[in-house]
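In: sequence below, structure please.
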Amino acid sequence: MIIIAAVCFAVFFVDIHRFYAKWKLNFKPFNCASCLASWVALGLYFCPSIIQEIVLVMFASGVAAPIIKILIDIIWNKSTKTT
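Out: Numbering: from 1, shown residues only. Sure, this is the predicted structure:
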């Protein structure tokens, strides 16, 4: 659970919304998803489980939403072209 939460947080922070550029944090670990994920995982390891679960739910859904949207758009475009 900690690993998935940390990876989702890092991907959301670095790749999806590019917060490091918006907040002028263009240095490691903030501009590197794998570096940030490892530091977040270390921090989550020492957090209570409720915090771990909150981070997991928030950022897993934040990562899954754009993926699902793209898949739905692909399916929708294929179905509208054939009819």
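
In: show me the shaky parts of this structure.
Out: By pLDDT under 70, the low-scoring segments of the chain are 82-83.

In: just give me the longest helix of it.
Out: What stands out as the longest helix in the chain, according to DSSP state H, is helix 49-82.

In: any idea how far that helix is from the chain center?
Out: 11 Å (C-alpha atoms, centre = their mean, to the nearest Å).

In: repeat for stretch 14-25
Out: Relative to the centre of its chain, stretch 14-25 is centred 12 Å away, using C-alpha atoms, centre = their mean.

In: what's in contact with that stretch?
Out: Contacting residues not belonging to stretch 14-25 are listed as 13, 26, 30, 31, 32, 33, 36, 62, 63, 66 [C-beta atoms under 8 Å, 6 or more residues apart in numbering]. In short, each C-beta sits where N, CA and C put it, glycine included.

In: got those as a markdown table, with distance to residue 72 and neighbour count columns?
Out: Listed next are these as a markdown table, based on distance: C-beta to C-beta, whole Å; neighbours: other C-beta atoms under 10 Å:
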| residue | distance to residue 72 | neighbour count |
| --- | --- | --- |
| 13 | 24 | 22 |
| 26 | 33 | 10 |
| 30 | 31 | 19 |
| 31 | 30 | 16 |
| 32 | 30 | 15 |
| 33 | 25 | 18 |
| 36 | 29 | 22 |
| 62 | 17 | 16 |
| 63 | 16 | 19 |
| 66 | 11 | 11 |
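
In: mind picking the two most distant members of those residues?
Out: 26 and 66 (22.7 Å; C-beta to C-beta).

In: secondary structure class for residue 29?
Out: Secondary structure state of residue 29, per DSSP: H, G, I helix; E, B strand; the rest coil, is coil.

In: the closest residue to it other than its chain neighbours: neighbour count?
Out: By the measure of C-beta to C-beta, 6 or more residues apart in numbering, the closest residue to residue 29 outside its immediate chain neighbours is residue 35, 3.6 Å from it. Using other C-beta atoms under 10 Å as the criterion, residue 35 is surrounded by 15 other residues.

In: quick check, residue 35 in contact with residue 41.
Out: No: contact status for residue 35 versus residue 41: not in contact, 10.9 Å apart, counting by C-beta atoms under 8 Å.
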